[in-house]
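# let me see the structure of the following:
(chains A and B)
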Amino acid sequence: MPVLKTHNIIKRFGKFTALDGVNIEVNKGEVYGFIGPNGAGKSTTIRVLLGILKASEGEAKIFGKDAWDDAVDIHKQIAYVPGDVNLWPNLTGGEVIDLFVKLRGSNNKSRREELIEKFDLDPSKKCRTYSKGNRQKVALVAAFSSDANLYILDEPTSGLDPLMEIVFQECVMATKAEGKSVLLSSHILSEVEKLCDKVGIIRQGTIIETGTLKELRHLTRTSILVETIQPITSLHEVKGVHEIEEKDQALSFQVDTEELGNVIKYVSQFEVVKLESSPAKLEDLFMRHYEGVEQTSHTGVGGVS
Amino acid sequence: MAKQLHHNTGRLARLILRRDRIHLPIWLSSIAVITIITAPAFTSLYSTEQDRRAIAETMRNPAMTAMVGPGYGLDNYTAGAMMAHQMLLFTAIAVAIMTILLVTRHTRADEEDGRVEMIRSLPVGRLSNLSAATFVLLGTNVLLAFIIGFGLYALGIGTMDFEGSLLYGAALGATGIFFTAITALFAQLSDNSRGTIGYSFAVLGVAYLIRAVGDVSNETLAWFSPLGWILRSEVYVNNYWWPIILTLGVALVIVTLALYLNSIRDLDAGFIPAKPGRKNASAFLQSPLGLALKLQRTGIIAWAIGMFILGASYGSVLGDLESFIETNEMMRELLAPAEGFSLTEQYLTMLMSIISMICTIPPLMMILKLKGEEKKNRTEHLLARAVSRTRFMGGYTLISFIGGFVMLLLAVLGLWSAGTAAMDNPIAFGTTFNAAMVYLPAMWVMTGVAVLLIGFVPRAAGLTWLYLGYSFIVVYLGGLLQFPEWMGRLSPFGNIPKVPIEAINFINILVLTTITLVLIVIGFMRYNKRDIQG
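Have a look, this model is predicted:
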């Protein structure tokens, strides 16, 4: 049974349809990367999953229970970090962490101290004095010091420095190693690439691509940079070759992954002296989905609010 | 230098006007309308010389002086003198409240939310934000002064002459400008908007109390209160302008101080220092109820002290009232005493309706905090954890109920202890206690209305304040202006029996309690079904 499964979630705000049939499935021990441009519906989806918004149609199940009806039960096993962490200005970070951990039901004191140290957080300061990054640390420490089975993280690293980002990645990997699941919404594609087993891309309230990174890469192209002694002729006639560019002595182009073998065979006739190949980055994938859709896309609800 | 400090102030002022294009007209027109519809009532209610002499006699007692200020021209109690005596102080307080809320909104609250930072990154002077807010409020209060001044004169009431009407408006405007200055100052001293509002309201409350005690027993003391100055303009009787000039002069000094403090402090900093807090949450804090209490702790304590002082200051005049009634033959005849009750006890019932409505403010703030938390996206921290909506809202509702009871109890304790000390024949504690507690169901209904609104339309939950304001007007002014009875019945406070003069009407109390329950149950049901906004 999947830890989290949604079936055609639709959410309307008045006439505006924010989510138009979202399907997500996260299994045990999986890290699911949830990506998409601003206003695509990431935060709305997460809020439906948390039972804070009620889906207009469709079904969201977590641990096999309904996300709206059994919200309280589900939340006992969920840790959540919102994208925009607003805290009570007159409480200290330490107090907020304790409160959050306590409200979930479980408590792990030693883990809390360890994380506060790791994230380099001063828990005695009032929340109103914290920067965005520090408020995020409060939420992260609270999340990772609870023994949850599903971690829902909404752009958790947008305010963290690179050092803290590494600490965060370690936390996610440790969580995964314990067989727990993570839903990670992020704009930092290198982070998603590094951490996630599965990726879902959302656009205008619909998941337009989903699968493992490997599967998704199959849909895309590999970049090749090649230098040969003899000039390569009529490369553009070879099947699966795109975007040929001349760079000094070399040629750079992109190849459909399934045609890679044939293209290499063809190129090798011209006496290769240098060959560089790089797999498609998630960024390329992402760009491929978003380029050219600007005309049809329209501004949706803001990122987190 | 001037450019460094004040560049683009005009543009910022326009921005404030744009943001307040709904707030300002609503505030201005409600204050103006209430003033202008009240004035003709005095002439129609007390049309004969005899009526006026009678009402003047009832007004000639310390309890009235404590509540509305010293009566000027009681020997020739014209409609104008009545207006200035009975309406000016309360309207001035309403203007002060408007000003405190608006100034805070555009100074410290904007700074706290990071908007001032954005503004300051643009080619804008260091003091432009504060001076723009001050200018807008200055303009608003001047406008209010003229609307009220010309409005009252336009009614064509003989005893409300042109100069007096303008002075009446000017007294209100000057109060507003004074509290603009006070709030601007506290926006520099405190480093958050709640503190700014809290300190400014504290100044307003203390100003009222000092004036009340001073007006009754010690004229010199009243001189320490800006509200005391305003009343000494003796509008429609002697028309003194110097109190207005005094108030404006002091306001100017305070604004200058505020601007100076703003120029020497860092953005986001205040002058009242913050100390480091706990590293761990106490056991008390670790529940939704504990959190709700902790968040409002300072406010609750401040209100509790305030309610006790309010009760005590009303109580302290009971002694004067007693001796006044004893020595005044005419007064005793006029207020034909109800069977077996002293006149002080009759006054008690009127005091209680006022006290109970003031005691409704803190419990309403406690329940409406729920909406503020939702708006600031903090509700989701709790609801994303193992906290049900019923439990979350239940905590706030419980605090509101208990808070209301505690506030009322403290006011009664203050009233009774100060009254006992001051009176020769003190009222029994049981009588005072019952007279106050009978208002609890009315306070519950107000909380119920807030819960219902938060359940259905959280954005409109603030309308509860309007309902409380309506209650205050119909119950407090209703008797004075002889409003039709149904207007009082529309407010829960108008349905409360006047204990000890009237017997406790259990049917009314039962009905109000049932209404509360229904409102709360529906509110909870709806809150459990709707989207959390923010």
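
# how much space between B:Ala207 and chain A?
27 Å (C-beta to the nearest C-beta, to the nearest Å). Yep, even glycine has a C-beta here, placed from its N, CA and C like the rest.

# what's the neighbour count on that residue?
Counted with other C-beta atoms under 10 Å in any protein chain shown, the neighbours of B:Ala207 add up to 24.

# nearest residue to it in space, please, no chain neighbours.
In this structure, B:Ala207 finds its nearest non-sequential neighbour in B:Ser225, 4.4 Å apart by C-beta to C-beta, 6 or more residues apart in numbering or on different chains.

# could you report the pLDDT at the one you found?
Note for B:Ser225: predicted pLDDT of 95.

# so who does it touch?
Applying C-beta atoms under 8 Å, 6 or more residues apart in numbering or on different chains to B:Ser225 gives the contacts B:Val206, B:Ala207, B:Tyr208, B:Ile210, B:Arg211, B:Gly214.

# mind doing that once more with 7 Å?
By C-beta atoms under 7 Å, 6 or more residues apart in numbering or on different chains, the contact list for B:Ser225 reads B:Ala207, B:Ile210, B:Arg211, B:Gly214.

# then A:Ala148?
Going by C-beta under 7 Å, 6+ apart, the list of residues near A:Ala148 reads A:Gln77, A:Ile78, A:Ala79, A:Lys180.

# how about a cut-off of 10 Å?
A:Ala148 makes contacts with A:His75, A:Lys76, A:Gln77, A:Ile78, A:Ala79, A:Tyr80, A:Arg104, A:Ser106, A:Thr175, A:Lys180, A:Ser181, A:Val182, as judged by C-beta atoms under 10 Å, 6 or more residues apart in numbering or on different chains.

# now do the SS call for it.
Three-state assignment for A:Ala148 (DSSP: H, G, I helix; E, B strand; the rest coil): coil.

# residue ranges with poor pLDDT in the stretch 151-300 of chain A?
Applying pLDDT under 70 to the stretch 151-300 of chain A flags the ranges A:218-220, A:290-300.

# for chain B, what's its nearest residue on it.
Minimum separation of the stretch 151-300 of chain A from chain B (C-beta to the nearest C-beta) falls at A:Ile152, amounting to 8.0 Å.

# doesn't that residue belong to a strand?
Yes. If the criterion is three-state DSSP, then A:Ile152 is within a strand.

# now do it: how many residues are near it, please.
For A:Ile152, using other C-beta under 10 Å, the count is 27.

# that one: what's it in contact with?
A:Ile152 neighbours (C-beta under 10 Å, 6+ apart): A:4, A:26, A:32, A:34, A:46-47, A:49-50, A:62, A:78-82, A:143, A:181-185, B:384.

# excluding chain neighbours, what is closest to A:Asp161?
A:Gly133 (6.6 Å).

# ditto for B:Pro62
According to C-beta to C-beta, 6+ apart, the nearest residue to B:Pro62 is B:Asp320 (3.8 Å).

# what helix or strand is that neighbour located in?
helix B:297-327 (DSSP states H and E).

# next, the buried residues of that helix.
Residues B:299-300, B:302-304, B:306-322, B:324-325 are the ones in helix B:297-327 that count as buried (16 or more other C-beta atoms under 10 Å in any protein chain shown).

# please apply the same query to stretch B:123-136.
B:124-136.

# straight-line length of stretch A:200-209, end to end?
6 Å (C-alpha to C-alpha, to the nearest Å).

# and residue 288, how many residues sit next to it?
I'll assume chain A. A:Arg288, neighbours per other C-beta under 10 Å, totals 14.

# chain B was what I was after
For B:Pro288, the neighbour count with other C-beta under 10 Å is 20.

# roughly how far does it sit from chain A?
7 Å.

# now that residue: closest residue in space that isn't a chain neighbour?
Counting by C-beta to C-beta, 6+ apart, the residue nearest B:Pro288 is B:Gly395, at 4.8 Å.

# same check on A:Gly41?
In this structure, A:Gly41 finds its nearest non-sequential neighbour in A:Gly205, 4.3 Å apart by C-beta to C-beta, 6+ apart.

# next one: B:Ile230
B:Ala171 (4.9 Å).

# name the element the one you found belongs to?
Assigned by DSSP H and E, B:Ala171 falls in helix B:162-189.

# chain center to the next helix or strand after that helix: distance?
Later in the chain than helix B:162-189, the nearest helix or strand by DSSP H and E is helix B:193-217. Centroid displacement of helix B:193-217 relative to its chain, using C-alpha atoms, centre = their mean, to the nearest Å, is 10 Å.

# just checking, what packs against helix B:193-217?
helix B:62-68, helix B:88-106, helix B:108-112, helix B:162-189, helix B:219-222, helix B:226-231, helix B:297-327 (3 or more C-beta pairs under 10 Å, 6 or more residues apart in numbering or on different chains; DSSP states H and E).

# any part of stretch B:396-408 near chain A?
No. Using C-beta under 10 Å from any C-beta of the partner chain, stretch B:396-408 stays clear of chain A, coming no nearer than 14.4 Å.

# avg pLDDT for that stretch?
Mean predicted confidence for stretch B:396-408 is 96.

# any buried residues in it, and which?
Neighbour count says stretch B:396-408 has B:Tyr396, B:Thr397, B:Ile399, B:Ser400, B:Phe401, B:Gly403, B:Gly404, B:Phe405, B:Val406, B:Met407, B:Leu408 buried, by 16+ other C-beta under 10 Å.

# now stretch A:170-179
Buried, per 16+ other C-beta under 10 Å, within stretch A:170-179: A:Cys171, A:Val172, A:Thr175, A:Lys176.

# with stretch B:63-79 instead?
Within stretch B:63-79, the residues that qualify as buried are B:63-74, B:77-79, counting by 16+ other C-beta under 10 Å.

# with stretch B:465-482 instead?
So stretch B:465-482, judged by 16+ other C-beta under 10 Å, has buried residues B:Tyr467, B:Leu468, B:Ser471, B:Phe472, B:Ile473, B:Val474, B:Val475, B:Tyr476, B:Leu477, B:Gly478, B:Leu481.

# can you check the pLDDT for A:Gly105?
For A:Gly105, the pLDDT comes out at 69.

# how about B:Phe392, what does it touch?
Per C-beta under 10 Å, 6+ apart, neighbours of B:Phe392: B:Pro288, B:Leu289, B:Leu291, B:Ala292, B:Leu370, B:Glu373, B:Thr379, B:Leu382, B:Leu383, B:Tyr527.

# so which of the residues you listed sit within helices?
B:Pro288, B:Leu289, B:Leu291, B:Ala292, B:Leu370, B:Glu373, B:Thr379, B:Leu382, B:Leu383, B:Tyr527 (DSSP state H).

# show me the contacts for the last one.
Right, B:Tyr527. B:Leu370, B:Glu374, B:Arg389, B:Thr390, B:Phe392, B:Met393, B:Val451, B:Leu452, B:Ile454, B:Gly455, B:Phe456, B:Pro458.

# can you give me the neighbour number for the third one?
Burial measure for B:Arg389: 21 neighbouring residues, criterion other C-beta under 10 Å.

# state the distance from it to B:His381.
14 Å (C-beta to C-beta, to the nearest Å).

# with the first one instead?
According to C-beta to C-beta, B:Leu370 and B:His381 sit 14 Å apart.

# quick one: pLDDT of the nearest residue to B:Asn434 once chain neighbours are set aside?
Spatial nearest neighbour of B:Asn434, chain neighbours left out: B:Val499 (5.2 Å); criterion: C-beta to C-beta, 6+ apart. The model reports B:Val499 with a pLDDT of 81.

# please apply the same query to B:Leu293.
90.

# what residues are up against it?
B:Leu293 neighbours (C-beta under 10 Å, 6+ apart): B:Phe284, B:Leu285, B:Ser287, B:Ile300, B:Met366, B:Gly395, B:Tyr396, B:Leu398, B:Ile399, B:Ile402, B:Gly403.
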